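Participant: Pasting the sequence and the predicted coordinates here, then a few questions.
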Amino acid sequence: MPHPHMVYIKTNLQLPKEIRAVQQGRHISGPVPVMNPGAIGAQVVDERGNPLPPEAHEGPSGADKYQDPEVAESYDAKRENTVKHQEEQVIIEEWLSELPQGNWVMDCPVGTGRFIPFYHEHGLLCRAVDKSRAMLEKAAAKVAEGQHISFNEGNVLDLAGAGFMENSVDAAIMIRLTRWLSPEQCVQAYAQLMRVARKQVIITMRVTEGHPHVRGYDLVEAALHNSGWQIGRNLGIPSDQGYRIVEFVPCG
């Protein structure tokens, strides 16, 4: 019989033994995957030779670097103390806190699990999806004792392939991913999120004109057309109004 003080986390990947330890109050099982870490890109500079920040130059192929365990390990340290990260966190958590306890949130890509402690504190259940095994392993280490969460390796462009049926979660979030997707893939991803969610979708996107990774409102409009969904809220973070946090909600 299941241990009364242990949450059994369903997953489709094998995680390190220390994460599976019984004394941590959880058990994770699954088939052993084949790790395929990607390469870390070279430094890019502007016309004066000054290094450009990652968001100014990395394209879709750059996302492969998150397969690398070393990149996953350093991910939080490079971001969680930045103004952008903190402002983004406040807005997204405020919106998600409106969901009743016991609601399911699909977090794709979950990354290193920045919202996992929040889900636990607010009684939200989570289905965490990421195509990087290294990121999933890092995220799994943040699961609290008794927290109900599942981990699945998958891609937002094929949520059905990751086991998500239509209207299978209450909310779906996709944070900091549009820059890694082509415009066409953004439309596809938005449609996938609306297909699986019942109440709410939250995305982030760059709308700054002339930015190399701009993903504008035309893509949102294309996805929303005849979908039965509409924009609910649309906020820029205080330090960067060109970086938007956008909510989709069902029409009516």
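Facilitator: All right, it came through fine.
Participant: CA atoms for contacts and neighbours, from now on please.
Facilitator: OK.
Participant: Point out where this structure drops to low pLDDT.
Facilitator: Filtered on pLDDT under 70, the chain yields the residue ranges 1-63, 65-78.
Participant: Please, where are all the strands along it?
Facilitator: Using DSSP state E, the strands found in the chain span residues 7-9, 26-28, 104-107, 125-130, 149-153, 169-174, 197-206, 229-237, 240-250.
Participant: got those as CSV, with distance to Arg114 columns?
Facilitator: Output for the strands of the chain, formatted as CSV (distance: least, Cα to Cα, whole Å):
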stretch, distance to Arg114
strand 7-9, 18
strand 26-28, 19
strand 104-107, 10
strand 125-130, 11
strand 149-153, 14
strand 169-174, 12
strand 197-206, 15
strand 229-237, 18
strand 240-250, 16
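Participant: ok, and the closest non-adjacent residue to Glu93?
Facilitator: Phe118 (7.4 Å; Cα to Cα, 6 or more residues apart in numbering).
Participant: Tell me the spacing between that neighbour and Ser182.
Facilitator: For Phe118, the distance to Ser182 equals 30 Å [Cα to Cα, to the nearest Å].
Participant: just Pro109 next, same as before
Facilitator: According to Cα to Cα, Pro109 stands 16 Å off from Ser182.
Participant: Which one's more surrounded, those two?
Facilitator: More crowded of Pro109 and Ser182, by other Cα atoms under 10 Å: Pro109, with 23 against 14.
Participant: Please report phi then psi for the more buried one.
Facilitator: When read as degrees, to the nearest 10, the backbone of Pro109 gives phi -80, psi 140.
Participant: Next, the contact list for it, please.
Facilitator: Residues near Pro109 by Cα atoms under 8 Å, 6 or more residues apart in numbering: 128-131, 155-156, 174-175, 177.
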